[in-house]
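Colleague: pasting a predicted model and its sequence here:
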Amino acid sequence: MKLDAGLAVEGKHLPGMDEVARAAEDLGFAGLWTSETKHDSFLPLAVAAGGTERLDLGTSVAIAFSRSPMVTAQLA
């Protein structure tokens, strides 16, 4: 069975996201997801990617209307 975890970015500092990703990987999670509420959902994933080798990283919610389609395509 695969389990994913949510990456809560509200009130968190970006420099620690790689440590959170490493801990999630060490605990056996398969993926790590962020959502876009008050903050960009792509930046925490970019920082988290530096701390993991096998986790699937993705956005559970990313508002497309606030970005041009070209920017969203480059980020995905």
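Modeller: Cool, the structure landed.

Colleague: so where do the strands sit in this protein?
Modeller: For the chain, strands defined by DSSP state E occupy the ranges 4-6, 31-35, 56-61.

Colleague: do you know how far the nearest residue to Leu45 once chain neighbours are set aside is from Gly28?
Modeller: Among residues not flanking Leu45 along the chain, Leu57 sits closest, at 4.7 Å (C-beta to C-beta, 6 or more residues apart in numbering). In short, each C-beta sits where N, CA and C put it, glycine included. Look at Leu57 and Gly28: by C-beta to C-beta, to the nearest Å, they are 16 Å apart.

Colleague: more neighbours, the two?
Modeller: With neighbours defined as other C-beta atoms under 10 Å, Leu57 and Gly28 compare such that Leu57 has more, 17 against 8.

Colleague: tell me the bridge partners for that one.
Modeller: Leu32 (DSSP bridges).

Colleague: while we're on the residue nearest to Leu45, how confident is the model there?
Modeller: Note for Leu57: predicted pLDDT of 93.
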